[in-house]
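Undergrad: kindly return the folded structure for what I paste below:
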Amino acid sequence: MDLSIQPTNMTIKSVAVIGAGTMGAGIAQICAQRGWKTKIFDTSQESLQNSLSAINLFWEKGVSLGKTTEDQISTWSQNLETHTDMAKAVSSTDIVIEAVPEILSLKKSIFSKLDDILPKETILATNTSSLSISEIANATNRPERVIGMHFFNPVPIMKLIEIVRHDRCSEETISAAESIGLELGKRTILVNDVPGFATSRLGVVLGNEAIKMLAEGVASASDIDTAMMLGYKHPIGPLELTDLVGLDVRRDILHNLANSFSDDSYLPHPLLEKLVEDGNLGIKTGRGIYDWSNGTREDRNDL
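TA: Here you go, the predicted model:
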């Protein structure tokens with residue numbers, strides 16, 4: 001079976017990324033590396049500066065490993081712009097990729113504003129990992145040009161983009177999204193607009209069960225992760241992955257699944273809820289299921 005994707009005739013020259021968090025920075029980075037003029041929008045100047053710092057840190061690490069040159073960094077950096085004015089950020093762009101927090105009302109508000117600003121032919125993509133693409137699309141007058149493009153963290157390394165189509169999405173938009181993924185050096189899969197799509201639905205259930213096992217004392221966090229890595233060839237264990245993605249993100253996806261399917265089996269384990277309530281969100285806060293405060297992964301003895 002030929003699973004390759006053939007590019008469309010769509011030519012990408014400029015991209016706008018809405019949201020300067022971890023995912024937004026990663027998406028902007030690979031777009032800049034592709035040679036596209038990449039504009040990052042965020043309401044916070046501090047967040048924009050942090051995103052540039054994260055991108056440069058990644059590039060400089062590449063230099064130390066012999067994978068990147070200073071000349072490449074100089075070229076890629078020239079492709080990046082930051083903006084706190086949305087209209088300026090999205091002007092003259094071929095596609096806008098939204099990567100703000102998983103709050104449906106926020107995403108709908110942004111897409112409604114983008115719809116008023118942009119030409120009707122501009123594609124609007126959302127990086128949501130679990131929210132309804134259809135609901136987001138219906139906040140615009142161009143639902144046929146709205147699509148889900150679910151990237152994975154860390155974006156520059158992970159090879160997958162989950163393309164999510166809804167009932168009113170055009171075949172042209174689907175083809176363009178697949179082509180963009182190919183141009184970015186990613187492999188794409190195409191899924192329908194159902195809660196959790198394919199990846200999040202499976203991933204969070206596995207992670208939630210691993211947290212339950214940890215709470216029950218089945219094994220240590222590192223041993224549970226090692227079991228999945230060596231026994232099932234997972235590149236990273238479900239608990240470390242939860243820390244990488246963010247415990248709050250995983251918790252919110254589980255709540256969304258539980259509500260969408262009216263099925264309490266998807267509800268987050270109480271330990272996950274407690275960790276989030278205590279501000280232990282994973283790598284981004286230095287503590288989650290593991291202790292990352294020293295820059296390395298260490299089992300916690302207080303769970």
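Undergrad: how about residue 95, what does it touch?
TA: Taking CB atoms under 8 Å, 6 or more residues apart in numbering as the contact definition, residue 95 lies against 12, 15, 16, 122, 123, 124, 125, 176, 180. Placement of C-beta: from N, CA and C, glycine included.
Undergrad: which of those residues lies closest to residue 242?
TA: Taking CB to CB as the measure, residue 242 lies nearest residue 125 of those, at 25.3 Å.
Undergrad: please parse this protein into its domains.
TA: 14-192, 200-299 (automatic domain parsing).
Undergrad: can you redo those domains as JSON lines with mean pLDDT?
TA: Formatted as JSON lines, those follow (pLDDT from 0 to 100):
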{"stretch": "domain 14-192", "mean pLDDT": "96"}
{"stretch": "domain 200-299", "mean pLDDT": "96"}
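Undergrad: PyMOL command for the buried members of the contacts of residue 95?
TA: The buried residues among these can be selected in PyMOL (16 or more other CB atoms under 10 Å) with this line:
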select buried, resi 12+15+16+122+123+124+125+176+180
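Undergrad: in helices, which of the contacts of residue 95 appear?
TA: 176, 180 (DSSP state H).
Undergrad: identify the farthest-apart pair in the contacts of residue 95.
TA: The most distant members of the contacts of residue 95, if one measures by CB to CB, are 16 and 176, lying 15.4 Å apart.
Undergrad: sorry, back to before: let me have the contacts of residue 95 in a markdown table, extended by distance to residue 252.
TA: Formatted as a markdown table, the contacts of residue 95 follow (distance: CB to CB, whole Å):
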| residue | distance to residue 252 |
| --- | --- |
| 12 | 31 |
| 15 | 26 |
| 16 | 25 |
| 122 | 28 |
| 123 | 26 |
| 124 | 22 |
| 125 | 20 |
| 176 | 29 |
| 180 | 27 |
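Undergrad: relative to residue 235, which of the contacts of residue 95 is nearest.
TA: residue 180 (24.5 Å).
Undergrad: and that closest one, how far from residue 108?
TA: Relative to residue 108, residue 180 is positioned 23 Å away (CB to CB, to the nearest Å).
Undergrad: next: residue 37.
TA: On the measure of CB to CB, residue 37 and residue 108 end up 27 Å apart.
Undergrad: cool, residue 147 as well?
TA: 15 Å.
Undergrad: of the two, who's got more company?
TA: residue 147 (27 against 19; other CB atoms under 10 Å).
Undergrad: OK, contacts around that one?
TA: 123-126, 133, 163-166, 169, 173-174, 177.
Undergrad: ok, what's across the strand from it?
TA: Judged by DSSP bridges, the bridge partners of residue 147 are residue 125.
Undergrad: how near is it to residue 13?
TA: For residue 147 relative to residue 13 (CB to CB), the value is 19 Å.
Undergrad: check residue 36 too.
TA: The gap separating residue 36 from residue 13 is 6 Å, by CB to CB.
Undergrad: of those two, which one has the most company?
TA: Ranked by neighbour count (other CB under 10 Å), residue 36 and residue 13 place residue 36 first, with 21 against 10.
Undergrad: is it correct that that one is in contact with residue 14?
TA: Yes: assessed by CB atoms under 8 Å, residue 36 is found in contact with residue 14 at 6.2 Å.
Undergrad: alright, calling it a day.
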